[in-house]
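Trainee: this is a predicted model, with the sequence first.
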Amino acid sequence: MGFYREHILPRLVDRACGIASMDGWRAGVTAGLQGRVVEIGFGSGLNVAHYPATVDVVLAVEPAAVARRLAARRVASSLVPVEHIGLDGQAIPLEDGSCDAALSTFTLCTVPEARLALAELRRVVRPGGHLQFLEHGLAPDPKVVAWQRRLEPLQRRLAGGCHLTRDIPAIITDAGFVLDHVEQRYAKGPRPWSWFTTGIAVNPG
Ligand SMILES: C[S@@+](CC[C@H](N)C(=O)[O-])C[C@H]1O[C@@H](n2cnc3c(N)ncnc32)[C@H](O)[C@@H]1O
């Protein structure tokens, strides 16, 4: 799986996650970001075009070298500076409370231990700072959930460890964030992959 995971998958993700119907979702999740923002699972930089001018810098955490290369053109033309600062959202090389906000899009499904990544985000985001998120996850309909459970082993193999059944609001609140605003609905596409949760959670400190 090494060659597939390192070279093919980042290109597939760039295509699949870069479809035009995602633009509205990405514009929504990035709205209101400001100051120093840490983004885990930065990927190929598909959020870059949506960063608002109120962001001073984005500190990107991304393990896949090919994804970072695919991001280079987007980063070069970005009005907001982007610095690649780390490889693993579960161990972020930043000081406690050093960020105003965090951004995660379609990453809490893939990070091996989402619990650890969320603990790191709580550590590096200052008290009162925000986690802004857009994720796919556990659907509300039993029939869709049955398909998610059936497909998950294959999905994990083919999509770099991506889970279909993570309960996004639950894992965010279990980590100690307080949900401020959440929107959940099916996006365009096959239902096991398209139950989207987006919103803002506050770090209570
Ligand atoms: C489905 S892609 C989403 C990429 C991007 N956030 C987007 O919205 O297009 C998941 C990303 O998480 C990254 N990833 C996997 N494990 C990670 C980890 N431990 N820490 C941070 N990012 C990770 C993958 O390399 C990939 O770029």
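Mentor: Happy to help now that I have it.

Trainee: for this structure, which residues are neighbours of the ligand?
Mentor: 13, 17, 40-41, 43, 46, 61-64, 67, 88-90, 105-107, 110-111, 160 (C-beta under 6 Å from any ligand atom). Any C-beta I mention is one placed from the backbone N, CA and C, and that applies to glycine too.

Trainee: then the top helix by length along the chain to PDB, C-alphas only?
Mentor: In the chain, ranked by residue count with DSSP state H as the criterion, the top helix is helix 142-158. Taking C-alpha atoms only, helix 142-158 is exported to PDB below (Å, rounded to 0.1, in the frame of the first residue of the first chain):
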ATOM      1  CA  PRO A 142     -30.100   3.100  10.400                       C
ATOM      2  CA  LYS A 143     -30.000   1.800   6.800                       C
ATOM      3  CA  VAL A 144     -27.300   4.300   5.900                       C
ATOM      4  CA  VAL A 145     -25.400   3.300   9.100                       C
ATOM      5  CA  ALA A 146     -25.600  -0.400   8.200                       C
ATOM      6  CA  TRP A 147     -24.000   0.500   4.800                       C
ATOM      7  CA  GLN A 148     -21.300   2.600   6.500                       C
ATOM      8  CA  ARG A 149     -20.400  -0.300   8.800                       C
ATOM      9  CA  ARG A 150     -20.300  -2.700   5.800                       C
ATOM     10  CA  LEU A 151     -18.100  -0.400   3.800                       C
ATOM     11  CA  GLU A 152     -15.800   0.900   6.500                       C
ATOM     12  CA  PRO A 153     -13.100  -1.800   6.300                       C
ATOM     13  CA  LEU A 154     -12.700  -1.300   2.600                       C
ATOM     14  CA  GLN A 155     -12.900   2.500   3.000                       C
ATOM     15  CA  ARG A 156     -10.100   2.400   5.600                       C
ATOM     16  CA  ARG A 157      -7.900   0.300   3.300                       C
ATOM     17  CA  LEU A 158      -8.500   2.400   0.200                       C
END
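
Trainee: what mean pLDDT does it get?
Mentor: Predicted confidence along helix 142-158 averages 97 (mean pLDDT).

Trainee: against which helices or strands is that helix packed?
Mentor: In terms of contact count using 3 or more C-beta pairs under 8 Å, 6 or more residues apart in numbering; DSSP states H and E, helix 142-158 is assigned the packing partners helix 191-194.
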